[in-house]
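# Coordinates for the following, if possible.
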Amino acid sequence: MQLLNAVLEGAGIDTSAGLKIVGGKEERYARILLKFADKQAGTVEEIRTMLAAGDNATAERAAHSLKGSAATLGINALADRAGETETAIKQGQGIYEAVEALSGALRTVVSAIQDAVAE
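Numbers count the residues shown, from 1 in each chain. So this is what the prediction gives:
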């Protein structure tokens, strides 16, 4: 399994930071990124569903979880958007805009991971 670091870095992924958490093992990092992309791809839709149902607390926790996972893997721009979404939900202001920004950031990251990991 191989990583195209330039593709990942172009999407705001700090591969150096991500590789540190796995002891520099590129293949392991690649597998974790693929799992992240698979698991998190539907998170924004889940947040929208929760918000529509009036379950802001669960939507806030989903944004918080995405923020933490992304930050751990060096996906800093996405972590920032998730943090902004979490705050918007908590404060009850700018939620739509924050969710839209998060959606775009997540699509970019998932696409970059899928393009950058070669088996």
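# hey, let's count contacts and neighbours off CA atoms from now on
OK.
# so which strand or helix has Glu45?
Glu45 belongs to helix 43-52 when assigned by DSSP states H and E.
# Same check on Arg31?
Going by DSSP H and E, Arg31 is part of helix 26-40.
# ok, now Gly54?
Counting by DSSP H and E, Gly54 is part of no helix or strand.
# Which residue lies closest in space to Glu46, excluding its sequence neighbours?
Once flanking residues are discounted, Glu46 sits nearest to Ala59: 7.6 Å by CA to CA, 6 or more residues apart in numbering.
# what's the distance between that neighbour and Ala112?
25 Å (CA to CA, to the nearest Å).
# what angle sits between the helix ranked longest in the chain and helix 26-40?
Longest helix of the chain, by residue count under DSSP state H: helix 95-116. Per axes from the mean of the first three to the mean of the last three CA atoms, to 10 degrees, the angle that helix 95-116 makes with helix 26-40 is 140 degrees.
# Can you pull out the residues in contact with helix 95-116?
With contact meaning CA atoms under 8 Å, 6 or more residues apart in numbering, helix 95-116 is reached by 2-5, 7-8, 11-13, 33-34, 37-38, 41, 44, 48, 75, 77-78, 81-82, 84-85, 88-89.
# Any idea how far it is from the middle of the chain?
Put simply, helix 95-116 sits 7 Å off its chain's centre (CA atoms, centre = their mean, to the nearest Å).
# Which strands or helices does the strand or helix carrying the residue nearest to Glu46 pack on?
Per DSSP H and E, Ala59 falls inside helix 56-72. With contacts defined as 3 or more CA pairs under 8 Å, 6 or more residues apart in numbering; DSSP states H and E, helix 56-72 has these neighbours: helix 43-52, helix 76-91.
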